[in-house]
Structure formats: C-alpha cells, structure tokens
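Need the 3D shape of this:
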Amino acid sequence: MKKWGLHQGLLPTLNYLIALEATARLGSFRAAADELYLTQGAIAQQIRALEKELGSPLFDRLPRGLSANKKGQDYINRLILALGIIEEATKDVTAVKPKSNSNQIRLSTTPSFASRWLIPRLPRLNEKHPDISLMIDASASVRSFKGDDAIDMSIRWGFPPFPDGHTRFLHGGRSTPVCSPKLLGDKHWFSFQDVLELPLISDSHNNWKNWFETYLEPHFDNKKKIQGPVFSDTNHALEAAEQGMGVALIPNFLIERALIGGTLVQAMDDQYQLESKSAFYIITAEEESSETSIGKVIDWLLDEARTNYE
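Numbers count the residues shown, from 1 in each chain. This next block holds a predicted model:
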C-alpha cells in the first residue's frame, strides 16, 4: 500500500489545500480569509507555503486580485475533484445507518428526566407497543444522529432553534419551589422571608437566580442571598431536597411523582412559581410519521405529557 505524507513529498498540508480552494473559488485572499475565519495575511502565507512545497507558483498576482496560471488552474481543478470525493466519502461514513431492528429505538435524555419522568412510564409504553424496545441513554452529553454511536431521538431541556434535527414541544418549563415534608414541618407554606433564610439548592440551570430577578426588587443583591448546595445534575438537587437539605426550584414535569408519593412537598404558594422560556423538547433527525416506530414513541410521549396537564 502506498504511504502518504509530507516526508514522501506526495501530500501537501491539508490546511494549505483548503486555503487554495477557497482563494481560487472566491478570487482573493481577503474573501477566502473571511470564509475561513482567518486573516488575509494567514491565507497569503499558506498559499506561499503551498507554492514552496510544490516548487511552482499557482497564481499570477495582479493589481486587482489573483489569477490562477495554467499549472495552477490544472492543479485546482483536480484538487476540487479530490475534495469532492473526500466529501462524499465522509457523508457515507457519517450518514444515519439503517437499523438492523427498526423496532429498537435509542433515546438520549438527561438522567433526571429519565429517572423522574420517563422510566416510571415505560410499562405503559410496553403495554401499548410491546414490539418496540426503547434503549435509554441517560447522559448530560448531547448525542449525534449520525455515526456508529448514533441515537434515534432525544429529549432535551432548552428552547429552539436546536442545532440539528426536527423539534417537537413536549412540556412547558414552569418550576416550583419544593422541599421535604420534614423541612416544611407544620407550616402550610414558607413565606417569602422564610425562603430567603433557608438553604437554597441549585443545579446548573440557575433557576434561583432567575427567581430572585423575577420576584425581588432590582436593587436586591441576589448573589449574596443564594446560599446552599449546588449540583451539576438536577436529579442530585432533587435528592438533596428529599433529604431535607433545603428548598429546590425544579421544573414541574420532574416533581410530579415525588409530590404524589410525599417525598417532596410544595414549599410556596403557586404565585411564586417560575415561568421559563425553556421547555422539554423531542428532537429527531427528521420529521417522523406516526407509522414508524420512532413516530409511535413520539405520539406516546405526547399523550403522556398531555395527561400531566389534565
């Protein structure tokens, strides 16, 4: 097999080739620099370095721009063909691969959503669609719809537009202050002043900061008042609240079962709930019809979410 590399003198530096293609297509170092987010000087330097590697000039420098010479134009034409082949090969490698079992659906979501909302409902999915196997990838990492480790769908907290895929709204982002029954004690609700004096449990979404900005005067220094444990994962914040470590401010979608089961109670009156433009969304590589396995899972998720509202 032929070996490729600069020490064999067969393959120029890839960055130089990319700079060459952009310069030839756009007609100037400046335009190529803008497209590649580099300086004009950096592009010019890369082209000069490439010409040095090849041992031949590729452009005629003109008062008002550049013009590829005969040798340069021939090289550029073949370079464009080569880059096209690389692009097509890359598309083939990264394309969404057909599933060997179309009824096996891989869903990526956060650990808190998986454990607090999704997993307790899976028996109902199995009753409705016993032929569908849902594999849950519970991770804070955002997974891709392409490649060997591709997922079929994800459920994420945020707001559109998301970088990739087709988006479906699942549930709104209203959050409620909650705590353990032991911490609330004999009180019906905590007062506003009570909450300011209690440990406030936070996660990565900064809900308490937004809450203070919503309910306190603009001159209030909320940075000094938000005191309590901080967790990167919402599930850990929920567990800390259940253990009586303070008051957590959590999306309603994730606390429904804990409130029913009594491990958490609402800490304040409804007027102190926090509205958010963020929400839970279902994301797929493309729009799915209800006839596909993925589409059936989406319809089931939407039905379950609507049940929450009723």
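
Enumerate the positions of the helix or strand encompassing Gln46 that are buried.
Element membership of Gln46 [criterion: DSSP states H and E] is helix 40-54. Burial within helix 40-54, assessed by neighbour count using 16 or more other Cβ atoms under 10 Å, is assigned to Ala42, Ile43, Ala44, Gln46, Ile47, Leu50, Glu51, Leu54. All C-beta atoms are positioned from the backbone trio N, CA, C, and that covers glycine.

Let me know the secondary structure of the residue most central in space within the chain.
Here the mean C-alpha position of the chain is nearest to the C-alpha of Val142 (Cα atoms, centre = their mean), at a distance of 4.8 Å. Classification of Val142 by DSSP: H, G, I helix; E, B strand; the rest coil places it in coil.

And it, how far from Trp211?
Here the criterion is Cβ to Cβ, to the nearest Å. By it, Val142 lies 26 Å from Trp211.

contacting residues around the residue nearest to Thr234 when sequence neighbours are not counted?
Of all residues not flanking Thr234 in the chain, Ser112 sits nearest, at 3.9 Å (Cβ to Cβ, 6 or more residues apart in numbering). Ser112 makes contacts with Asp233, Thr234, Asn235, Leu238, Leu254, as judged by Cβ atoms under 8 Å, 6 or more residues apart in numbering.

and which of those is nearest Glu21?
Comparing these against Glu21 with Cβ to Cβ picks out Asp233 as the nearest, at 44.5 Å.

Now the closest one. Its backbone dihedrals?
Backbone torsions of Asp233, given as degrees, to the nearest 10, read phi -110, psi 130.

ok, the residue lying closest to it once chain neighbours are set aside - contacts?
The shortest distance from Asp233 to any residue that is not its chain neighbour, by Cβ to Cβ, 6+ apart, is 5.9 Å, and that residue is Pro111. The neighbourhood of Pro111, defined by Cβ under 8 Å, 6+ apart, consists of Ala138, Ser139, Ala140, Asp233, Asn235.

One more pass at 7 Å, please.
Residues in contact with Pro111, defined by Cβ atoms under 7 Å, 6 or more residues apart in numbering, are Ala138, Asp233, Asn235.

number of nearby residues for Ala150?
In terms of burial, Ala150 registers 17 neighbours under the definition other Cβ atoms under 10 Å.

my guess is it meets Ser144, correct?
Yes. With contacts defined as Cβ atoms under 7 Å, Ala150 counts as touching Ser144 at a distance of 6.1 Å.

And Ser202, what's its pLDDT?
Reading off the confidence values, Ser202 has pLDDT 90.

residues touching it, list them.
Trp208, Ile226, Gly228, Val230, Ala237.

can you give me the helices in the stretch 151-300 of the chain?
Per DSSP state H, counting those that start in this stretch, the stretch 151-300 of the chain has helices spanning 181-184, 192-197, 207-215, 222-225, 234-242, 252-261, 293-309. These are given in chain order.

Pick the most buried one from these.
Greatest average neighbour count among the helices of the stretch 151-300 of the chain goes to helix 234-242 (a mean of 22), per mean count of other Cβ atoms under 10 Å.

ok, Ser102 - how many residues close by?
Applying other Cβ under 10 Å, we find 12 residues neighbouring Ser102.

shift numbering so it begins at 33
Sure, I'll start counting at 33 from here, so that last one is Ser134.

Helix, strand, or coil at it?
coil.

so it sits right up against Ile326, yeah?
No. Under the contact definition of Cβ under 7 Å, Ser134 does not touch Ile326, with a separation of 8.7 Å.

before we move on, the earlier item: mind picking the one among the buried residues of helix 72-86 that's closest to Leu230?
The closest of the buried residues of helix 72-86 to Leu230 turns out to be Ala74 (Cβ to Cβ; 55.3 Å).

Pull the contacting residues for the closest one.
Here Ala74 is in contact with Ala65 (criterion: Cβ under 7 Å, 6+ apart).

right, and Ala54 touches Ala64 too?
Yes. Because the distance of 3.9 Å satisfies Cβ under 7 Å, Ala54 is recorded as touching Ala64.

quick one: low-confidence ranges for this protein?
Per-residue confidence for the chain (pLDDT under 70) gives these ranges: 33-42, 124-133, 180, 249-257, 340-342.

Okay, strands next: where are they in it?
Under the criterion DSSP state E, the chain contains strands at 91-94, 97-100, 136-141, 165-170, 185-190, 198-203, 207-211, 232-233, 279-283, 297-298, 311-316.
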